[in-house]
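Colleague: Kindly generate the corresponding structure for this input.
(2 chains)
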Amino acid sequence: MGIAMQEYLLEARQMQALSLGVHIPLVCFGIAFPAMVLFAEGLWLRTGDPAYKALAKRWSRVMLILFAIGVVTGTILSFELGLLWPRFMEEWGEVFGFAFALEGVSFFVEAIFITIYVYGWDRLSPRAHLMSGIPIVISGFTGAAFVISVNGWMNNPSGFDVVGGEVTNVKPLAALFNSNVWHELIHMYLAGFLVAGFLVAGVYAVSALRGRRGTYYRAGLVIPLAFVALAAPAQMVVGDWAARTIAKEQPIKLAALEGLDETTNGAGLTVGGVYVDGRVYGGIEVPRMLSILAFHDPDAEVQGLDTVPKEDRPPVAIVRNSFQVMVGIGTFLAAVGAWFLWARIRRGEIPGSKWFLRAVVAAGPLAVVALIAGWITTEVGRQPWIVYEFMRTEDAVTGADGIPVGYATLAVVYVGLAAAAFVLLRRIAREGPEEELRKGVDGLEALP
Amino acid sequence: MAELAAIVLVIGLTAYAVLGGADFGAGFWDLTAGGAERGSRVRGMVKRSMGPVWEANHVWLIFVLVVMWTCFPPAFAAIMETLYVPIFLAGVGIILRGAAFALRGEAGTIGEARALGGIFALSSVVTPFFLGATIGAVASGQVPVGEAGPPFESWTGAVSILAGVTAIATGAFLAAVFMAADSVRAGLPDLVNAFRTRALGAGLAAGALAIGGLLVVRADVPDLFDGLTEGAGLAAVAVSGLAGVASMGLVATSRFGPARLTAAIAVGAILVGMAVAQSPDFLPGELTFADAAAGHSTLVASMIGVAVGLAIILPSLALLFRLTLAGRLDPDFHPIGAAEEDAR
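Modeller: Numbers count the residues shown, from 1 in each chain, chains lettered A, B, ... in the order given. Presented below is the predicted three-dimensional model:
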């Protein structure tokens, strides 16, 4: 193919990032919400308390809406892979595409059973209904796994040879199970629970702050908090695992995460601060900590940015600052989770303090920020490569005109979509639980 | 192996054209249902029929995209690079339609319901047009390999435009037949009649477009016309025609159950016929399926993946459609529009 110049590479990347930024928080609900809904339904089946049923039904109604928006925002992502990065798809589609084929299967299963589950309320037997929810949980996990596999592959490509500039000898399974799959998958899976869990809990924390009491509101707060309280500390361990893998596989990305210019033995870690023009302002320096974290050895050599030419380095400021945001918020989320656990175990109660509830309300949006910051860290940290050390992003982009027009169009659509979704979901949240038992799943009352 | 992958691709495309097409068609009837009061019952039926199935139906599109970029990457890249305008517009249409449909159920005021309903209905008509035009552009050899084709002229030829309009008409036909059957199940005779009339009208329009389309193809793309009028291509065209006529007879005599099947065959056979007519070319005159195909190991892995996937998906889909057709997943029927305020 002839190489067409693309004037708007940055806009193309931003358009892709916008689309992902809208889609990924919805994916979190696909990953985590079904498990919470089933948990609530299980409580109903066990106790017979209709408050749990109302909660599960309400949540499943929201789950279906978010899934539908996830379906369509995911579709535009598939389009964009070809619309924006045709050279990438042409050359490498046969290597990583297999993972997407399997993701397609997961997506199918998810779509089928989410329908059966949500529309099956009060129509299937309680047991059959609960069972119909299990494939949603499983396919949410496998679907995420296969998409993550592709991302892991882009960051550490394997399963092929390049002979004379041609990709050959493709081994789809080796590409599928690349070295990044496991830590990225678990990291994202836990992030899904943190984002969905804190956002849902935040809704009921607001209710509690407004003085609403009763099993329905209490369970709406406790169930998601129970999930996040387990996920948040685990996430810190997985984060360490991710960082050590990056140290090994993508040393330049690690150097960018920390803003480490020169290769250093026993490298220190700067906690916090803002990176501007090659310097960190206002951070706290911990000697040898980076070597310890990355290699579990205080004297280990950590590769600096200067080991590769300037044009092969990612934009350090974006990567480092995003990473700090993610780690900072992650620490806060873990603290909120620990607060909840401590109160639960010591006193068998949810923390009663208004400050705890306010922290939970803040944690939801903050978790979304951490999620996006994490993705910026890994994806901008991959630059200037689309296929790490094999293909540059600038060589993958389309030669097509009109990228700014497409980008602006999509931005307008997404702003409208976000506003409409926010208004309507808030209205659902304001309805009392008794409404839920009276209405059908489509939110309308059954006619007599 | 490339042939098998091509067959899988065409099956996926056909499934999407029939199942996804019917969902777009439902939106067409929503758009044309008339004023808020008059159209409220048709709109209610659209929502009731589409609600439980549209997401699963939509996944066929993802299936097609994934098989295309994994098994035929150069063809996927070339199509995207030339036809980015209609494909992007279809993508925007898909977002608007799906989101508006999902959110409409939660609308609290008439104004909101109308705004979301309008977006849903309009994008349901626009989207299949652009998807159809894309297929028409590929079939009429407008997608070159090596250099991208012109961004507008590539898909605004007579064959592309006609394919776009035909996609709208066939979807409307399928939707009317399916919803007539659903209305029988729901025990709503006025809607049975309404959709029966619509099915007959849309069937006539789709048939006329198909015949007219053949004439345009003969004039504009003689190679495709030859493919459609000999051998397997001719057989597919004949099957489509016969199934179309049979559907009209079944609809006219209110036998909507069997009409569902014949209508699906009539529409599906058009796509199968087009694929057969242009094979062995994927991009006519530019690239064959064999030349576009990925390496052997990728094709084998993908086909095994698809086979295992179908072993899971088909029973699940069978369960979904069985529950749906048995009325186990039917939402309650509510007119949408003027009467809604009372219903809420």
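
Colleague: can we go C-alpha only for contacts and neighbour counts from here?
Modeller: Will do.

Colleague: Show the contacting residues for residue 300.
Modeller: I went with chain A, as the question did not name one. A:Ala300 makes contact with A:Asn265, A:Gly266, A:Ala267, A:Ser291, A:Ile292 under the criterion Cα atoms under 8 Å, 6 or more residues apart in numbering or on different chains.

Colleague: could you do chain B instead?
Modeller: B:Met1.

Colleague: Let me know the pLDDT of it.
Modeller: Among the per-residue scores, B:Val300 shows a pLDDT of 93.

Colleague: and it, that one's in a strand?
Modeller: No. Residue state for B:Val300 (DSSP: H, G, I helix; E, B strand; the rest coil) corresponds to helix; a strand is not indicated.

Colleague: With neighbour count added, can I get the contacts of A:Ala300 in TSV?
Modeller: Shown next, in TSV, are the contacts of A:Ala300 (neighbours: other Cα atoms under 10 Å in any protein chain shown):
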residue	neighbour count
A:Asn265	15
A:Gly266	18
A:Ala267	25
A:Ser291	23
A:Ile292	18
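
Colleague: Narrow these to those in strands?
Modeller: A:Asn265 (DSSP state E).

Colleague: A:Phe88 and A:Arg392 touch, don't they?
Modeller: No. With contacts counted by Cα atoms under 8 Å, A:Phe88 stays clear of A:Arg392, the gap being 9.2 Å.

Colleague: These two: which is more packed in?
Modeller: More crowded of A:Phe88 and A:Arg392, by other Cα atoms under 10 Å in any protein chain shown: A:Phe88, with 22 against 17.

Colleague: count of residues packed around the residue nearest to the more buried one when sequence neighbours are not counted?
Modeller: Once flanking residues are discounted, A:Phe88 sits nearest to A:Ala396: 4.9 Å by Cα to Cα, 6 or more residues apart in numbering or on different chains. Residues within reach of A:Ala396, counting by other Cα under 10 Å, total 22.

Colleague: cool, B:Ala318 as well?
Modeller: Residues contacting B:Ala318 under the criterion other Cα under 10 Å number 12.

Colleague: For it, pull up the helix or strand it's in.
Modeller: Using DSSP states H and E, B:Ala318 sits in helix B:296-325.

Colleague: who touches both of A:Phe88 and A:Arg392?
Modeller: Common contacts of A:Phe88 and A:Arg392 (Cα under 8 Å, 6+ apart): A:Ile386.

Colleague: so where do the helices sit in chain A?
Modeller: A:9-47, A:50-84, A:86-119, A:126-155, A:172-176, A:181-209, A:215-249, A:251-258, A:289-295, A:316-347, A:354-380, A:393-396, A:403-430, A:433-438 (DSSP state H).

Colleague: Would you mind giving these as CSV with mean pLDDT added?
Modeller: Formatted as CSV, the helices of chain A follow (pLDDT from 0 to 100):
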stretch, mean pLDDT
helix A:9-47, 95
helix A:50-84, 93
helix A:86-119, 92
helix A:126-155, 94
helix A:172-176, 90
helix A:181-209, 94
helix A:215-249, 91
helix A:251-258, 90
helix A:289-295, 89
helix A:316-347, 91
helix A:354-380, 95
helix A:393-396, 93
helix A:403-430, 92
helix A:433-438, 78
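
Colleague: dump the residue contacts of B:Asp226.
Modeller: Contact analysis of B:Asp226 by Cα under 8 Å, 6+ apart lists B:Arg218, B:Ala277.

Colleague: do A:Gly120 as well
Modeller: A:His129, B:Arg328, B:Leu329.

Colleague: Select from these the one having the most neighbours.
Modeller: Most neighbours among the contacts of A:Gly120, by other Cα under 10 Å: B:Leu329, with 27 neighbours.

Colleague: How is that residue assigned, secondary-structure-wise?
Modeller: Under three-state DSSP, the three-state class of B:Leu329 is coil.

Colleague: right, and it touches B:Leu323 too?
Modeller: Yes. Between B:Leu329 and B:Leu323 a contact is recorded at 6.1 Å, counting by Cα under 8 Å.

Colleague: Quick check, pLDDT for A:Ala4.
Modeller: As predicted, A:Ala4 sits at a pLDDT of 55.

Colleague: and residue 246, how many residues sit next to it?
Modeller: Assuming you mean chain A. Neighbours of A:Ile246 under the rule other Cα under 10 Å: 20.

Colleague: Switch to chain B, please.
Modeller: So B:Ala246, with other Cα under 10 Å, has 17 neighbours.

Colleague: and what of B:Gly231?
Modeller: Using other Cα under 10 Å as the criterion, B:Gly231 is surrounded by 12 other residues.

Colleague: OK, contacts around it?
Modeller: B:Gly231 touches nothing, counting by Cα under 8 Å, 6+ apart.

Colleague: how about the strands of chain B, start to end?
Modeller: Under DSSP E, chain B gives strands at B:281-283, B:287-288.

Colleague: Give me whichever of these is most buried.
Modeller: Compared across the strands of chain B, strand B:281-283 shows the largest average neighbour count, a mean of 22 (mean count of other Cα atoms under 10 Å in any protein chain shown).

Colleague: How far does that one sit from its chain's centre?
Modeller: Distance, stretch centre to chain centre, for strand B:281-283: 21 Å (Cα atoms, centre = their mean, to the nearest Å).
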